[in-house]
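Trainee: Give me a model of this one.
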Amino acid sequence: QVTLVESGGGLVQAGGSLRLSCAASGRTFSTYAMGWFRQTPGKEREFVAAISRSGSSTEYANSVKGRFAISRDNAKNTMYLQIRNLKPEDTAVYYCAAATVIFAVQVIIDSDHYDYWGQGTPVTVSS
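Mentor: Reported below is the predicted structural model:
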């Protein structure tokens, strides 16, 4: 069992930056592959970025490549999402998630394969 708590969301102007954090408690954080997803009202949850247990492998949605950077600090039980050049279409609730995996380099993109989810942190980008 792991509990995830996101933070760092807020209101920001287009072109601005944010860093989202996902703090984990419970079982060993380093045993989980992690991911970020986002959701807007009336739409399905959307994959944003994912990172392997070791942090050596990452994947991004095409819409965020070059602007978002996912990272993790296993010593601090925390994952991050650095967001630059924010756009109004990035407005959403951002969720972090943890997936049980076998291989240290495994990256999970499919939300159905995640076992634990945080409550989300809202990001609003004004134009």
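Trainee: center of the chain, which residue is that?
Mentor: residue 36 (2.2 Å; C-alpha atoms, centre = their mean).
Trainee: what helix or strand is the nearest residue to that residue once chain neighbours are set aside on?
Mentor: For residue 36, ignoring the flanking residues on the chain, the nearest one in space by C-beta to C-beta, 6 or more residues apart in numbering is residue 48 at 4.3 Å. In this view, the C-beta of every residue, glycine as well, is placed from N, C-alpha and C. In the assignment (DSSP states H and E), residue 48 maps to strand 46-51.
Trainee: Residue 11: how many residues sit nearby?
Mentor: Residue 11 is flanked by 12 other residues according to other C-beta atoms under 10 Å.
Trainee: The nearest residue to residue 4 once chain neighbours are set aside and residue 56: what is the separation?
Mentor: Closest residue to residue 4 apart from its sequence neighbours, by C-beta to C-beta, 6+ apart: residue 118 at 3.7 Å. For residue 118, the distance to residue 56 (C-beta to C-beta, to the nearest Å) stands at 23 Å.
Trainee: The residue nearest to residue 36 and residue 82 touch, don't they?
Mentor: No. Using C-beta atoms under 8 Å as the test, residue 48 is too far from residue 82 to be in contact (11.9 Å).
Trainee: The two: who's more crowded?
Mentor: residue 48 (24 against 15).
Trainee: Look at that one and report its pLDDT.
Mentor: Residue 48 carries a pLDDT value of 98.
Trainee: Run through the residues that contact it.
Mentor: When contacts are counted by C-beta atoms under 8 Å, 6 or more residues apart in numbering, residue 48 touches 35-38, 60-61, 64, 68, 81, 94.
Trainee: please redo it, this time with the cut-off set to 10 Å
Mentor: 20, 35-38, 59-61, 63-64, 68, 70, 81, 83, 90, 92, 94-96 (C-beta atoms under 10 Å, 6 or more residues apart in numbering).
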